[in-house]
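# following is a predicted model, sequence given first.
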Amino acid sequence: MTGAWPLARALAHPATTAGLDAAGWTALITMARAEQLIGTLALRLDGLPMPASVARILEDARGSAEHGRRAALWEAKMARRALAPLGCAVVLLKGTAFAAAGLLAGRGRSIGDLDILVPRADLDAVEAALLGAGWEWVKPDPYDDAYYRRWMHELPPLIHRERDRMIDVHHTILPPTARPTPDADALIAARVELGNGLSVLNSNDMIVHADAHLFADGDLAGGLRNLWDIRCLVEEFGTEGLALRAAHHGLAREVARALRLVAIVFDDGKARGIDRAYVRRLLARDGWGRPTRPFTRFAFYVRSHWLRMPPAMLARHLWIKWRKPASSGRLPSSSRA
């Protein structure tokens, strides 16, 4: 069986690792590292029999994941302090939200940037407050700055000058130019308060956002980790009311696809039609963790930009980025979490 199937199976059914030989363990660990799932895998396999060398690697991974969790929660606390005087809603998203809410999806999860959602009406005030509290632009390129402000669902990324941690400030969950147009006001109105000045999306909106992040706004880079998020969220919350909420946000197709792919990838379901292409992209790794299937990857990269922009706008954007690669900064992407 080719691709990252062994990793998917180990995450969903940890006992299946009992028969692994040295080569099998090497492949599993390298794939998990490449997909940023090594901490999650370490938590899933904790207590199971394994070679001593593997146990040490996974023990280190659990320690690193715990350190990352604490750092992410501290960064959320710093953002809350900076934004508290504004009195606006501050909704944690993605990995930090899972960790802050103590969810299954947060156990061992790799957490990158701090992602928050705020009301669009408060965006200018939020930006000013963060700049005043020590955040600064990652790379102040005029084209990128204008592009983010006009066409993206978030401010240009910011980094704290002392802590070297990134924050992405969202005013909705998909670019305004994308085909689906989620109801950002409804997301914020239905948020769940954590009791510390921060909040998270409600359970169905959290699943919808994870689905949108994976299938409606990206090239599926890091997709196996994000699909695992969805599996954990569905396991913890179920799907009652999910279809209705997904339809409200215009993401019924993406949610249905996510549920199918969770069953295919983690529970031995059968891929049919276009789902087979998604499975190929999600599991495109070899036994050393290296990316495979370059044509499939490129096709999904093109698809991600096509979803985000109308054709004429896409052509202009790619032309400008190609003309000045040295100063282009970070391409708008939703693969970070």
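Received the coordinates, thanks. Residues are numbered from 1 along each chain as shown.
# now the strands for the stretch 1-150 of the chain?
Along the stretch 1-150 of the chain, counting by DSSP state E, counting those that start in this stretch, strands occupy 91-93, 114-117, 135-137.
# please identify the most buried of these.
Across the strands of the stretch 1-150 of the chain, averaging neighbours per residue (mean count of other CB atoms under 10 Å) puts strand 114-117 on top, at a mean of 26. Every residue, glycine included, has its C-beta placed from N, CA and C.
# which other helices and strands does that one contact?
Contacts defined by 3 or more CB pairs under 8 Å, 6 or more residues apart in numbering; DSSP states H and E place strand 114-117 against helix 52-83, strand 91-93, helix 94-100, strand 166-170, helix 184-189.
# residue ranges with poor pLDDT in the stretch 101-250 of the chain?
Scanning the stretch 101-250 of the chain for pLDDT under 70 picks out the ranges 151, 217.
# helices of that one, residue ranges please.
With DSSP state H, counting those that start in this stretch as the criterion, the stretch 101-250 of the chain has helices at 123-132, 142-151, 184-189, 203-215, 223-237, 242-248.
# which helices and strands sit right next to the fourth one?
Just to be clear, that refers to helix 203-215. Counting by 3+ CB pairs under 8 Å, 6+ apart, the packing neighbours recorded for helix 203-215 are helix 94-100, helix 184-189, helix 223-237, helix 242-248, helix 252-266.
# just these: most buried one?
Highest mean neighbour count among the helices and strands packed on helix 203-215 (mean count of other CB under 10 Å): helix 94-100, with a mean of 26.
# and it, what does it pack onto?
Short answer (3+ CB pairs under 8 Å, 6+ apart): helix 94-100 packs on helix 52-83, strand 114-117, helix 203-215.
# for the ones you listed, give me a markdown table that also has distance to residue 137.
Output for the helices and strands packed on helix 94-100, formatted as a markdown table (distance: least, CB to CB, whole Å):
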| stretch | distance to residue 137 |
| --- | --- |
| helix 52-83 | 16 |
| strand 114-117 | 16 |
| helix 203-215 | 23 |
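# so which of those gets nearest residue 236?
helix 203-215 (7.8 Å; CB to CB).
# which residues touch that closest one?
Contacts with helix 203-215, where a contact means CB atoms under 8 Å, 6 or more residues apart in numbering, come from 93-94, 97, 173-174, 180, 182, 186-187, 190, 200-201, 220, 223, 226-227, 229-230, 233-234, 236-237, 239, 241-242, 245-246, 249, 251, 254-255, 257-258, 334, 337.
# quick check: angle from that helix to helix 252-266?
Interaxial angle, helix 203-215 versus helix 252-266 (axes from the mean of the first three to the mean of the last three CA atoms, to 10 degrees): 80 degrees.
# CA-only coordinates of helix 203-215, as CSV, when you get a sec.
Output of helix 203-215 as CSV, limited to C-alpha atoms (Å, rounded to 0.1, in the frame of the first residue of the first chain):
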residue,chain,number,x,y,z
SER,A,203,-19.2,23.0,17.6
ASN,A,204,-20.9,22.9,14.2
ASP,A,205,-19.3,26.1,13.0
MET,A,206,-15.9,24.7,14.2
ILE,A,207,-16.4,21.7,11.9
VAL,A,208,-17.7,23.9,9.0
HIS,A,209,-14.6,26.1,9.4
ALA,A,210,-12.2,23.1,9.4
ASP,A,211,-13.9,21.9,6.2
ALA,A,212,-13.8,25.3,4.6
HIS,A,213,-10.1,25.6,5.5
LEU,A,214,-9.3,22.3,4.0
PHE,A,215,-11.4,22.1,0.9
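# give the contact list for residue 145.
Applying CB under 8 Å, 6+ apart to residue 145 gives the contacts 137, 156.
# distance of it relative to residue 267?
Noted for residue 145: a distance of 44 Å to residue 267, by CB to CB, to the nearest Å.
# look up the closest residue to residue 46, ignoring the ones flanking it.
Here the nearest residue to residue 46 in space, its sequence neighbours aside, is residue 62; by CB to CB, 6 or more residues apart in numbering that works out to 7.0 Å.
# how close does the one you found sit to residue 42?
Following CB to CB, the distance that separates residue 62 from residue 42 is 5 Å.
# pull up the overlap in contacts between those two.
With CB under 8 Å, 6+ apart as the test, residue 62 and residue 42 both reach residue 108.
# and these two? Which one has more around it.
A count of neighbours by other CB atoms under 10 Å puts residue 42 above the other of residue 62 and residue 42, at 24 against 19.
# the more buried one against residue 58, yeah?
Yes: between residue 42 and residue 58 there is a contact under CB atoms under 8 Å: 3.9 Å.
# still on that earlier bit, save the helices of the stretch 101-250 of the chain as JSON lines, and put in distance to residue 30 too.
Output for those, formatted as JSON lines (distance: least, CB to CB, whole Å):
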{"stretch": "helix 123-132", "distance to residue 30": "37"}
{"stretch": "helix 142-151", "distance to residue 30": "34"}
{"stretch": "helix 184-189", "distance to residue 30": "37"}
{"stretch": "helix 203-215", "distance to residue 30": "23"}
{"stretch": "helix 223-237", "distance to residue 30": "14"}
{"stretch": "helix 242-248", "distance to residue 30": "35"}
